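A.B. asks: sequence-free structure coming up:
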């Protein structure tokens, strides 16, 4: 029986990789412009990191992690998200000693969640994310959102909306939680089982439930925006003012909460109706208590994570697969070594050159060159070697000419420059 990949784990094929390279290159260029440095964390972390950091009662920890039980070293989990790992690395390697605040870090990494695969959602997926650690200014919150907004513009993604909220802090959230619970208690029996479980531990997560009946119940629920303490009110107002200054359009979404427990104050999502039910392209926010939750010192932070697969699904498919520029057709065994030497010299000159390694007819090789989309084909056979001239065929114009073998590389460089 033929072996295939696991459900929800997909191959990224050569015909697709051009768009991935475009996204990654644009992200890296923008991160460097904004002063971010790349960090790469292990795919396997201690389970405790996510249980304490992401939240014991979140869907990620309760239902979606790939867990490896290990009695000797402690239970492990494949990384389901990037922020907890980055903060763990920041603490473990004492990056605070650099004295830089904020410490700006970004990552481009695969994540793993045991979810039901559907459009835009996979069990292995890829995220581009960033974290700004060590400062609690609303200005850095707005800059983070502006960075992602600019990335979307560079990628040609325009069909999205920036949704903004503040989920309060430890000073004002407890009072609001009690008012929310009082509202939910009136319809407790109509809530789904997940939301009943959330009722005591984290009732705000009910807003994130996709169950239609639960959505109807929370539609009339009190919202956090009406219960901020003075510090949260001022912080949220400043974030909005900075976003306006940075030319980032946004809408206030008072019922938007993030699916991770570590968020306080600023929370945001970029959503698109083009993605169907899984409308979020990316999300992020502020998580000032996360470091302490995982055993570190107090550390303010703000970040985001973007689903690469989802962004690519919204991008114009204008990236062509990388192809060779020159194909070398080899006629006869005696021509093989000169052909390989030419290929070597072309590659040294920065030309993408391919060759036919097996004995085949000229017709077959020309057909292969045509399918490959090369600009020029060089024909090397015994006759050409004896005459000291190689045949160069312009594939687009269907014309050809003889070129002295001693000048073949500079001649091809000149032809490629004109063809560009």
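C.D. replies: Alright, I've got the coordinates. Please read all numbers here as calculations on a predicted model, not as lab measurements.

A.B. asks: give me the number of residues near residue 288?
C.D. replies: The tally of other residues near residue 288 (other Cβ atoms under 10 Å) stands at 18. Every C-beta, even on glycine, is put in place using the N, C-alpha and C of the backbone.

A.B. asks: OK, contacts around it?
C.D. replies: Shown in contact with residue 288 (Cβ atoms under 8 Å, 6 or more residues apart in numbering): 136, 264-265, 298-301.

A.B. asks: Relative to residue 282, how far out is it?
C.D. replies: For residue 288, the distance to residue 282 equals 20 Å [Cβ to Cβ, to the nearest Å].

A.B. asks: What of residue 221?
C.D. replies: Applying Cβ to Cβ, the value for residue 221 to residue 282 is 26 Å.

A.B. asks: Who has more neighbours out of those two?
C.D. replies: Applying other Cβ under 10 Å to residue 221 and residue 282 shows that residue 282 carries more neighbours, namely 22 against 18.

A.B. asks: Give the bridge partners for that one, please.
C.D. replies: Residue 282 has the following beta-bridge partners by DSSP bridges: residue 270, residue 306.

A.B. asks: likewise residue 110?
C.D. replies: residue 126.

A.B. asks: That one against residue 124, yeah?
C.D. replies: Yes. Counting by Cβ atoms under 8 Å, residue 110 touches residue 124, with 5.6 Å between them.

A.B. asks: Comparing these two, which residue is more hemmed in?
C.D. replies: Higher neighbour count among residue 110 and residue 124: residue 124, with 17 against 14, using other Cβ under 10 Å.

A.B. asks: what sits against that one?
C.D. replies: Here residue 124 is in contact with 8-10, 110-112 (criterion: Cβ under 8 Å, 6+ apart).

A.B. asks: Just the buried residues from these, in ChimeraX please.
C.D. replies: Command for ChimeraX that selects the buried part of the contacts of residue 124, burial taken from 16 or more other Cβ atoms under 10 Å:
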select :8,111,112
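
A.B. asks: Now render the contacts of residue 124 as JSON lines, adding distance to residue 198.
C.D. replies: Output for the contacts of residue 124, formatted as JSON lines (distance: Cβ to Cβ, whole Å):
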{"residue": "8", "distance to residue 198": "26"}
{"residue": "9", "distance to residue 198": "30"}
{"residue": "10", "distance to residue 198": "32"}
{"residue": "110", "distance to residue 198": "29"}
{"residue": "111", "distance to residue 198": "23"}
{"residue": "112", "distance to residue 198": "24"}
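
A.B. asks: which of the contacts of residue 124 lies closest to residue 40?
C.D. replies: residue 110 (11.0 Å; Cβ to Cβ).

A.B. asks: low-confidence ranges in the stretch 201-350 of the chain?
C.D. replies: Residue ranges of the stretch 201-350 of the chain with pLDDT under 70: 258-261, 275-278, 318-322.

A.B. asks: Please enumerate the helices of it.
C.D. replies: All helices of the stretch 201-350 of the chain, identified by DSSP state H, counting those that start in this stretch, fall at 212-218, 230-245, 290-293, 308-314, 336-348.

A.B. asks: on that earlier part again, list buried residues within the contacts of residue 288.
C.D. replies: Of the members of the contacts of residue 288, the ones counted as buried by neighbours, 16+ other Cβ under 10 Å, are 136, 264-265, 299-301.

A.B. asks: Nearest to residue 317 among those residues?
C.D. replies: Nearest to residue 317 among these is residue 301, at 35.6 Å by Cβ to Cβ.

A.B. asks: quick one: the closest one and residue 134 touch, right?
C.D. replies: Yes. Between residue 301 and residue 134 there is a contact under Cβ under 8 Å: 7.4 Å.

A.B. asks: Common neighbours of these two, please.
C.D. replies: Shared contacts of residue 301 and residue 134 (Cβ under 8 Å, 6+ apart): residue 102.

A.B. asks: what about the residue lying closest to residue 76 once chain neighbours are set aside, neighbour count?
C.D. replies: Closest residue to residue 76 apart from its sequence neighbours, by Cβ to Cβ, 6 or more residues apart in numbering: residue 68 at 4.4 Å. Number of residues near residue 68 (other Cβ under 10 Å) recorded here: 12.

A.B. asks: Wait, residue 68 touches residue 75, no?
C.D. replies: Yes. At 6.9 Å, residue 68 counts as touching residue 75 under the criterion of Cβ under 8 Å.

A.B. asks: could I get the contacts of residue 124 as JSON lines with distance to residue 158 and pLDDT?
C.D. replies: Listed next are the contacts of residue 124 as JSON lines, based on distance: Cβ to Cβ, whole Å; pLDDT from 0 to 100:
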{"residue": "8", "distance to residue 158": "29", "pLDDT": "87"}
{"residue": "9", "distance to residue 158": "31", "pLDDT": "90"}
{"residue": "10", "distance to residue 158": "26", "pLDDT": "90"}
{"residue": "110", "distance to residue 158": "27", "pLDDT": "95"}
{"residue": "111", "distance to residue 158": "26", "pLDDT": "94"}
{"residue": "112", "distance to residue 158": "31", "pLDDT": "93"}
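
A.B. asks: Perfect, I'm done here.
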